[in-house]
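S.K.: How does the following fold in three dimensions:
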Amino acid sequence: MSASSDEKLTKVSAVTTAGEASLVQRSAVEEAEHNARVAKAAAREARRSRQIDATMLEAMRKRFEQRQQQNLLLHRSYVASS
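M.R.: Residues are numbered from 1 along each chain as shown. As a prediction, this is how the structure comes out:
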């Protein structure tokens with residue numbers, strides 16, 4: 001091979017290596033963007049889940065208070081009838 005062929009081969013090799021590095025970098029950026037989207041979705045789901053938990057807890061608290069009030073009324077009527 002001549003020196004000119006070696007130079008061309010070196011340039012092609014350098015361009016190929018740079019292209020591969022660019023692909024790897026682009027892949028890493030795409031993966032980071034994907035991970036960011038997944039993290040945002042997980043955060044949204046966690047907020048929604050906490051909201052559902054808070055709503056359920058409030059409903060349970062109200063039912064408990066209603067049962068407690070009913071039991072108190074039943075107890076008073078029982079004591080009054082005794």
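
S.K.: Check which helix or strand Ala43 maps to.
M.R.: Taking DSSP states H and E as the definition, Ala43 sits inside helix 3-81.

S.K.: tell me the average confidence for that helix?
M.R.: In this model, helix 3-81 carries a mean pLDDT of 87.

S.K.: Distance from the chain centre to that helix, please.
M.R.: On the basis of C-alpha atoms, centre = their mean, to the nearest Å, helix 3-81 sits 1 Å off its chain's mean C-alpha point.

S.K.: just stretch 70-82 next, same as before
M.R.: Counting by C-alpha atoms, centre = their mean, stretch 70-82 is centred 51 Å from the centre of its parent chain.

S.K.: Please enumerate residues in contact with that stretch?
M.R.: For stretch 70-82, there are no external contacting residues (C-beta atoms under 8 Å, 6 or more residues apart in numbering). C-beta coordinates here come from the backbone N, C-alpha and C atoms, glycine included.

S.K.: Convert it to PDB, retaining C-alpha atoms only.
M.R.: Coordinates of the C-alpha atoms in stretch 70-82 are reproduced here as PDB (Å, rounded to 0.1, in the frame of the first residue of the first chain):
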ATOM      1  CA  GLN A  70     -74.700   5.700  65.500                       C
ATOM      2  CA  ASN A  71     -73.200   3.600  68.300                       C
ATOM      3  CA  LEU A  72     -73.500   6.500  70.700                       C
ATOM      4  CA  LEU A  73     -77.100   7.100  69.700                       C
ATOM      5  CA  LEU A  74     -77.900   3.300  70.100                       C
ATOM      6  CA  HIS A  75     -76.200   3.300  73.500                       C
ATOM      7  CA  ARG A  76     -78.100   6.400  74.700                       C
ATOM      8  CA  SER A  77     -81.400   4.900  73.500                       C
ATOM      9  CA  TYR A  78     -80.600   1.600  75.300                       C
ATOM     10  CA  VAL A  79     -79.700   3.400  78.500                       C
ATOM     11  CA  ALA A  80     -82.800   5.500  78.300                       C
ATOM     12  CA  SER A  81     -85.000   2.400  77.800                       C
ATOM     13  CA  SER A  82     -83.500   0.500  80.700                       C
END
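
S.K.: All good on my end, thank you.
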